[in-house]
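Asker: give me the fold of what follows.
(2 chains)
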Amino acid sequence: SQQGEEDPQALSIQEGENATMNCSYKTSINNLQWYRQNSGRGLVHLILIRSNEREKHSGRLRVTLDTSKKSSSLLITASRAADTASYFCATDGNFGNEKLTFGTGTRLTIIP
Amino acid sequence: DGGITQSPKYLFRKEGQNVTLSCEQNLNHDAMYWYRQDPGQGLRLIYYSQIVNDFQKGDIAEGYSVSREKKESFPLTVTSAQKNPTAFYLCASSIRSTGRTSYEQYFGPGTRLTVT
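Answerer: Below you'll find the model as predicted:
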């Protein structure tokens, strides 16, 4: 079963604008990860946030985690055409890394 | 040049035939995974292995088999028992988790399997 649900399913914005994607999950987690997938390619890890962290930054990426609401958000600032991709959240539940459960993804399109 | 490779990139098979997808990594990772992705969907876990000669079923293992004879290799066989095998298959590896810590997974480029 897929624990994570991303919202929105698809998002189109102008280059230079900020993009925000949300992820909700159902059970307790230890960590939450965000991945990017370009069309027809493998996934690339973006950022990992632990359950005791509330916010994490990496370059133009900002991730927040609210364990009380079982939700996370990924903000991409100053978007570029190269950011066009699908973005997935993945949670590990309480069983460590051997089983990551991926959400359904947000398809982001940056319009030049 | 470290990484994880999958071959072939595209694979075509007739219904009723078994087919084996290759996955090799030189990252010295103990843990390896196989996922299936259908169009517009997220990833679903087929099998995973935390150590050589050991593997566990994921959420959708029926119709698939794996082996883990070497640390670097984790081949997936799609058997004729898999009712809807056409999909994009992704292999990944990671440091093995021994506690409550997760690690990032490194993904291969994927194999697109078409069965007709």
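Asker: phi and psi next, for residue A:31.
Answerer: Backbone dihedrals for residue A:31, given as degrees, to the nearest 10, come out at phi -150, psi 160.
Asker: run through the bridge partners of it.
Answerer: residue A:50 (DSSP bridges).
Asker: could you do residue A:45 as well?
Answerer: Here residue A:45, judged by DSSP bridges, has bridge partners residue A:35.
Asker: try residue A:87
Answerer: Beta-bridge partners recorded for residue A:87 (DSSP bridges): residue A:36, residue A:106.
Asker: that one against residue A:36, yeah?
Answerer: Yes. Contact criterion C-beta atoms under 8 Å: residue A:87 and residue A:36 qualify, at 5.6 Å. All C-beta spots, glycine's among them, are computed from the backbone N, C-alpha and C.
Asker: what residues does chain B have near chain A?
Answerer: B:31, B:33, B:35, B:40-45, B:48, B:50, B:56, B:58-59, B:88, B:90, B:92, B:94-110, B:112 (C-beta under 8 Å from any C-beta of the partner chain).
Asker: for residue A:87 and residue A:36, indicate the residue with more neighbours.
Answerer: Between residue A:87 and residue A:36, counted using other C-beta atoms under 10 Å in any protein chain shown, the more crowded position is residue A:87 (23 against 20).
Asker: pLDDT wise, what is the more buried one at?
Answerer: With respect to pLDDT, residue A:87 scores 97.
Asker: what sits against it?
Answerer: Contacts for residue A:87 (C-beta atoms under 8 Å, 6 or more residues apart in numbering or on different chains) come out as A:6, A:21, A:34, A:35, A:36, A:37, A:46, A:74, A:105, A:106, A:108.
Asker: from residue A:58, how far off is residue A:80?
Answerer: In this view, residue A:80 and residue A:58 are 15 Å apart by C-beta to C-beta, to the nearest Å.
Asker: where does the chain dip in pLDDT?
Answerer: Looking at chain A here, since you left the chain open. Along chain A, segments meeting pLDDT under 70 span A:1-3, A:94-98.
Asker: actually chain B
Answerer: Scanning chain B with the threshold set as pLDDT under 70 gives B:1-2, B:100.
Asker: partner residues bridging the residue nearest the centre of it?
Answerer: In chain B, the centroid-proximal residue (C-alpha atoms, centre = their mean) is residue B:34; its distance is 2.4 Å. Under the criterion DSSP bridges, residue B:34 forms beta bridges with residue B:47, residue B:91.
Asker: so who does it touch?
Answerer: Residues near residue B:34 by C-beta under 8 Å, 6+ apart: B:21, B:23, B:45-48, B:58, B:64, B:66, B:74, B:76, B:89-91.
Asker: so residue 40, which state does it fall into?
Answerer: Since you didn't name a chain, this refers to chain A. coil (DSSP: H, G, I helix; E, B strand; the rest coil).
Asker: give the contact list for it.
Answerer: So residue A:40 contacts B:88, B:110, B:112 (C-beta under 8 Å, 6+ apart).
Asker: measure it to residue B:9 for me?
Answerer: 9 Å.
Asker: any shared contact partners between those two?
Answerer: B:110, B:112.
Asker: run a quick neighbour tally on residue 29.
Answerer: Reading this off chain A. Residue A:29 has 23 neighbours, counted by other C-beta under 10 Å.
Asker: the chain in question should be chain B.
Answerer: 19.
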